[in-house]
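Student: Would you be able to build a 3D model of this:
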Amino acid sequence: MKRSDINRLIRAAEQCYRAHGWALPPKPRWDVSDFGLGAWREFGLVLVNLAEEPEYCEKLMYAQRGMTTPAHCHRRKKEDIICRWGRLAVRAWAGPPDQVGQQRFTLPVNHEPTDVVSGSVIELAAGSRVTLVPGVYHEFVPVSAECIIGEVSSANDDRHDNVFVDATIGRFPGIEEDEPAIAPLVSEA
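Tutor: A predicted model of the protein is given here:
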């Protein structure tokens with residue numbers, strides 16, 4: 001991923017957060033990913049790690065229409081994915097998508113148990129959330145032109161806890177340095 005694209009996405013996220021009243025901490029911990037696929041407009045996500053404690057984690061994320069966070073699950077992390085501004089489509093599966101077919105399962109959506117068919121889409125309006133437990137596969141993509149997405153979870157381990165359907169996916173991008181960084185990424189710390 002080119003550093004100029006990372007810088008561009010950080011600036012776009014900052015502008016979107018500011019326009020919608022989201023203040024960032026004094027030294028934001030930025031994380032920008034193309035998931036190692038080299039096509040951030042199709043597979044990309046901008047994150048700010050707000051809290052990373054042994055017991056819990058909070059992230060504020062930003063994506064543009066078409067930027068999908070590819071299907072994955074977590075081994076240990078339980079999380080709420082929250083649409084903070086815009087509209088967000090979350091596709092969920094009861095287990096590995098190639099194994100569960102159209103298996104039905106229950107997901108909490110806005111704390112209400114909701115019957116879901118594996119592979120179906122839950123569309124979240126601003127303020128809405130879905131709760132995902134370990135082993136539930138999910139991907140998400142903005143429906144609106146831009147989207148601010150929250151994540152509140154149990155402990156976060158981006159290096160070991162993500163299981164992507166596409167085994168070629170890497171959580172952190174390789175970086176092509178074509179201009180100076182405007183901010184270091186968490187993967188560079």
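
Student: could you pull out the strands for the chain?
Tutor: Counting by DSSP state E, the chain has strands at residues 30-33, 45-52, 56-64, 69-74, 79-85, 87-93, 104-109, 112-117, 120-125, 129-132, 137-142, 146-154, 162-164.

Student: Pro134 contacts Cys73, doesn't it?
Tutor: Yes. Here Pro134 lies in contact with Cys73, judged by Cβ atoms under 8 Å, at a distance of 6.8 Å. All C-beta atoms are positioned from the backbone trio N, CA, C, and that covers glycine.

Student: could you point out the longest helix in the chain?
Tutor: Counting residues, the longest helix found in the chain (DSSP state H) is helix 3-19.

Student: contact partners of it?
Tutor: Taking contacts as Cβ atoms under 8 Å, 6 or more residues apart in numbering, the residues outside helix 3-19 that touch it are 23-24, 30, 32, 40, 44, 46, 48, 60, 62, 64, 85, 146, 148, 173, 175-183, 185.

Student: May I have that helix as PDB, with CA atoms only?
Tutor: Extracted as PDB, the C-alpha positions of helix 3-19 are listed here (Å, rounded to 0.1, in the frame of the first residue of the first chain):
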ATOM      1  CA  ARG A   3       2.200   5.800   1.900                       C
ATOM      2  CA  SER A   4       0.400   8.500  -0.100                       C
ATOM      3  CA  ASP A   5      -2.800   6.400   0.000                       C
ATOM      4  CA  ILE A   6      -2.400   5.800   3.700                       C
ATOM      5  CA  ASN A   7      -1.900   9.600   4.300                       C
ATOM      6  CA  ARG A   8      -5.000  10.300   2.000                       C
ATOM      7  CA  LEU A   9      -7.100   7.900   4.000                       C
ATOM      8  CA  ILE A  10      -6.000   9.300   7.400                       C
ATOM      9  CA  ARG A  11      -6.900  12.800   6.200                       C
ATOM     10  CA  ALA A  12     -10.300  11.700   4.900                       C
ATOM     11  CA  ALA A  13     -11.000   9.900   8.200                       C
ATOM     12  CA  GLU A  14     -10.000  13.000  10.200                       C
ATOM     13  CA  GLN A  15     -12.200  15.200   8.100                       C
ATOM     14  CA  CYS A  16     -15.200  12.800   8.400                       C
ATOM     15  CA  TYR A  17     -14.700  12.500  12.200                       C
ATOM     16  CA  ARG A  18     -14.400  16.200  12.600                       C
ATOM     17  CA  ALA A  19     -17.500  16.900  10.400                       C
END
